[in-house]
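**Student:** Sequence plus the predicted model coming up.
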Amino acid sequence: MIGEIYGDALAGAAVEIEYVNGDVVPLEAAQWFTPIPGDEAILRHCTGPTLDIGSGPGRLTVALTRRGVPALGIDITPHAVHLTRLAGGFALIRDVFAEIPGTGRWSTILLADGNIGIGGHPRALLRRVKQLARPGALVIVELAPPTTPSRVDQVRLRHATSTGPWFPWATVSATDIPRLATDTGFALTHCHPHNSRWLAHLR
């Protein structure tokens, strides 16, 4: 159901994110179709086989493919994967915790657009990423600004005709990435803003 409603958002439906405390914000899915300021700060570091986790409609996956960089997007939403393939990228309908092609051999892994929040457990996600990456790989993580506290929210997606189930989503502040990296066996080599987007490099 989560993937279906997100797919509706990618198809143009007005979808909202509802928080368990009653707050509601629009899911602005249209932003993920075209380049976003700061994307180049991600793309230029992808020089080998790259796995784009939570790739959505494939903005980054397709950009890398066009540059000749081998890239695979994974997403749980069939329509997102369809859009990526339609644009010329390679993508699979896959949960990051499921079997992933090339496990242990990816040289770059992307957790862009806040996808460090997937599953609501950043440590578990980074430990999984470590399994997917080759030794010495670069993991690029997009974070919330230092002024934003880290937290885990219970949220659900909804639109006029459907409401999805509650699921956890994490927000990770740039302030907390050094400890998170250490706890999951990574070395933090970079954490700076690029066009107002905070990006961390883990190895």
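**Tutor:** Arrived safely, thanks for sending.
**Student:** low-confidence ranges in the protein?
**Tutor:** Low-confidence segments of the chain, defined by pLDDT under 70: 1.
**Student:** okay, which residue is most central for it?
**Tutor:** Centroid-nearest residue in the chain: N115, 3.0 Å away (criterion: CA atoms, centre = their mean).
**Student:** Just give me the neighbour total for the nearest residue to P26 once chain neighbours are set aside.
**Tutor:** Nearest residue to P26 in three dimensions, chain neighbours excluded: E16, at 5.8 Å (CB to CB, 6 or more residues apart in numbering). C-beta here means a position set from N, CA and C on the backbone, and glycine is covered the same way. If you count neighbours by other CB atoms under 10 Å, E16 ends up with 16.
**Student:** can you pull the contacts of E16?
**Tutor:** When contacts are counted by CB atoms under 8 Å, 6 or more residues apart in numbering, E16 touches 24-27, 157-159.
**Student:** Nearest residue to the residue nearest to the centre of the chain in space, ignoring adjacent ones along the chain?
**Tutor:** Take N115 and drop its neighbours on the chain: the residue closest to it by CB to CB, 6+ apart is G54, 3.8 Å away.
**Student:** same check, this time on S162
**Tutor:** Distances taken as CB to CB, 6+ apart place I5 nearest to S162, at 5.7 Å, with adjacent residues excluded.
**Student:** Quick check: that neighbour touching A160?
**Tutor:** No - counting by CB atoms under 8 Å, I5 stays clear of A160, with 10.9 Å between them.
**Student:** between those two, which one's more packed in?
**Tutor:** Applying other CB under 10 Å to I5 and A160 shows that I5 carries more neighbours, namely 21 against 10.
**Student:** and the more buried one, what helix or strand is that in?
**Tutor:** For I5, the element it lies in under DSSP states H and E is helix 2-10.
**Student:** Now that helix: buried residues?
**Tutor:** Within helix 2-10, the residues that count as buried by 16 or more other CB atoms under 10 Å are 3, 5-10.
**Student:** Same check on stretch 144-163?
**Tutor:** Going by neighbour count (16+ other CB under 10 Å), the buried part of stretch 144-163 is 144, 150, 153, 155-158.
**Student:** got the contact list for P101?
**Tutor:** 72, 92.
**Student:** Much appreciated, bye for now.
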